[in-house]
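Chemist: Generate coordinates for the sequence data below:
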Amino acid sequence: METNSKIITNKENLELISDLFVEFLCDLLEATNLNKVNMVGIGNSISAGWTATDECPKPDVCPWVLKLENYLVNRCKTSGIDMSLGSFAIAGENSNKNIYKFILKNPSLRDTRNHFEYTFNRWQEEFKGGWFEYDVAKDIAMNYYPDSLTKIKDYYQDGELTITAFNGCTGELLTRLEHGLFATRGFLKEELYYLKMIITYITRLSDHSYITIGNFPYMTRNYLFINNLIAYINRFIKQEAEDKKHVNTMYFDGMRVEFFNKYRGKLKLDNHPSTALQYNTLGKYLLFLIETLPSVMEIHDAESLKGKYAEKVDSYKIRLTNSR
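Modeler: Numbers count the residues shown, from 1 in each chain. Next comes the predicted model:
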């Protein structure tokens, strides 16, 4: 299946899943007496929605959570649900420590935009002429970042449901690799420490703040040694995310990257998911929330609510597997 065809198919699947997800939200809000839903993205360049290999019809480097805006906001409005989406992901210099320091400042959307512009300019110089060089025009990329003074804490208010999608645990490794393979020792301990700090901070921002922790992305192709190493890393990420000392926390094991892609007829390296894969994963993410949130929120008769959607969730999972 060609790239453009994959993007179209995954967007069509996301349309169907979004209908189901909004129906689910109506039931969830009724069961919890909450009056608004916020979806927030934080973390690394995967959360920032970056890709260097797709142009359909223009590079879609919209932050990952904000890609849901065209699918959820109007549907929610029609169903009487007030929904807001915001992204505070930092595309570069994004160890968990730096992510934590960034969100701790209560950044605005404008601050996030400025950080992305700084990163974009640095990448242009750093990757020029190399394997990771990209053709994304700056004006197109910047258009995806709102120039707004809305701050991250504005999305966390008591009486509102806020779901935060975090992808991270990669930046420290990439930084250390620049100083040689030996320097990577101990990177995971550092990332896990600040992952714990991020979870604690986010889940305490409001009375109904929930966070999903994304896995260190697997390779879509079966590079056995590499995927075994990634599985080893993910065991520790999952263990931290599911530690009983954390509340309102879920582990989402759905992130993957192709790494090797064909782009304009040539081999291209990109350590980010393609646009097609991002939309496929967004569908999986919404299905994951339908399956997981009722139990994590400890709502009355959670199993009954999950059971109501189980058949359709399973059906859509098969569709997504066949279209990736």
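Chemist: what's the longest helix in the protein?
Modeler: helix 3-32 (DSSP state H).
Chemist: mean confidence score for that helix?
Modeler: Mean pLDDT, computed over helix 3-32, is 94.
Chemist: can you check stretch 70-78 too?
Modeler: 97.
Chemist: Just the buried residues of it, please?
Modeler: When burial is assessed from 16 or more other C-beta atoms under 10 Å, stretch 70-78 yields the following buried residues: Y71, L72, V73, R75, C76. Quick note: C-beta positions are derived from backbone N, CA and C, even for glycine.
Chemist: just to revisit the earlier point, list the helices and strands the longest helix of the chain packs on?
Modeler: In terms of contacts (3 or more C-beta pairs under 8 Å, 6 or more residues apart in numbering; DSSP states H and E), helix 3-32 is packed against helix 69-78, strand 161-167, helix 275-296, helix 302-323.
Chemist: Output the very next helix or strand once past that helix as CSV, restricted to C-alpha atoms.
Modeler: Remark: after helix 3-32, the chain's next helix or strand is strand 36-43, criterion DSSP states H and E. Extracted in CSV, the C-alpha atoms of strand 36-43 (Å, rounded to 0.1, in the frame of the first residue of the first chain):
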residue,chain,number,x,y,z
LYS,A,36,-15.5,19.3,30.1
VAL,A,37,-12.7,17.2,28.5
ASN,A,38,-9.2,18.4,27.8
MET,A,39,-6.6,16.4,25.9
VAL,A,40,-3.0,17.6,26.3
GLY,A,41,0.2,16.4,24.7
ILE,A,42,3.6,16.7,26.4
GLY,A,43,7.0,15.1,25.8
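Chemist: Partner strands of strand 36-43 and their direction?
Modeler: strand 82-87 (parallel), strand 161-167 (parallel) (DSSP bridges).
Chemist: Using TSV, please lay out those strands together with distance to I226, mean pLDDT and mean neighbour count.
Modeler: Converted to TSV, the strands paired with strand 36-43 look like this (distance: least, C-beta to C-beta, whole Å; pLDDT from 0 to 100; neighbours: other C-beta atoms under 10 Å):
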stretch	distance to I226	mean pLDDT	mean neighbour count
strand 82-87	29	98	20
strand 161-167	18	98	25
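Chemist: and those as JSON lines, adding distance to N94?
Modeler: Below are these laid out as JSON lines (distance: least, C-beta to C-beta, whole Å):
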{"stretch": "strand 82-87", "distance to N94": "13"}
{"stretch": "strand 161-167", "distance to N94": "10"}
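Chemist: what number of residues lie near the residue lying closest to V65 once chain neighbours are set aside?
Modeler: Among residues not flanking V65 along the chain, G41 sits closest, at 3.4 Å (C-beta to C-beta, 6 or more residues apart in numbering). Using other C-beta atoms under 10 Å, G41 has 25 other residues around it.
Chemist: didn't G41 look like it was pressed against S87?
Modeler: Yes. Using C-beta atoms under 8 Å, G41 is in contact with S87, at 4.1 Å.
Chemist: before we move on, back to that, can you give me the angle the longest helix of the chain makes with helix 69-78?
Modeler: Relative orientation of helix 3-32 versus helix 69-78 (axes from the mean of the first three to the mean of the last three C-alpha atoms, to 10 degrees): 30 degrees.
Chemist: All further residue positions should be reported with the first residue as 34.
Modeler: I'll keep to 34 as the first residue from here, and by that count the last item is helix 36-65.
Chemist: got the buried residues for helix 36-65?
Modeler: 36, 39-44, 46-47, 50-51, 53-58, 60-62, 64-65.
Chemist: what about the residue nearest to V98, distance to N200?
Modeler: 8 Å (C-beta to C-beta, to the nearest Å).
Chemist: Overlap in contacts, the two.
Modeler: Common contacts of G74 and N200 (C-beta atoms under 8 Å, 6 or more residues apart in numbering): S80, W97, A122.
Chemist: And the furthest pair within the buried residues of stretch 103-111?
Modeler: Farthest apart among the buried residues of stretch 103-111 by C-beta to C-beta are Y104 and C109. That separation is 9.9 Å.
Chemist: Run a quick neighbour tally on M230.
Modeler: M230, neighbours per other C-beta under 10 Å, totals 17.
Chemist: For the helix or strand containing it, buried residues please.
Modeler: Element membership for M230 (DSSP H and E) is helix 220-236. Judged by neighbour count using 16+ other C-beta under 10 Å, the buried positions of helix 220-236 are 220-221, 223-225, 227-232, 235-236.
Chemist: would you turn the residues you listed into TSV with pLDDT and distance to L142?
Modeler: Below are the buried residues of helix 220-236 laid out as TSV (pLDDT from 0 to 100; distance: C-beta to C-beta, whole Å):
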residue	pLDDT	distance to L142
F220	74	30
L221	86	31
E223	88	28
E224	92	26
L225	94	29
Y227	96	23
L228	97	24
K229	97	26
M230	98	23
I231	98	19
I232	98	23
I235	98	17
T236	98	22
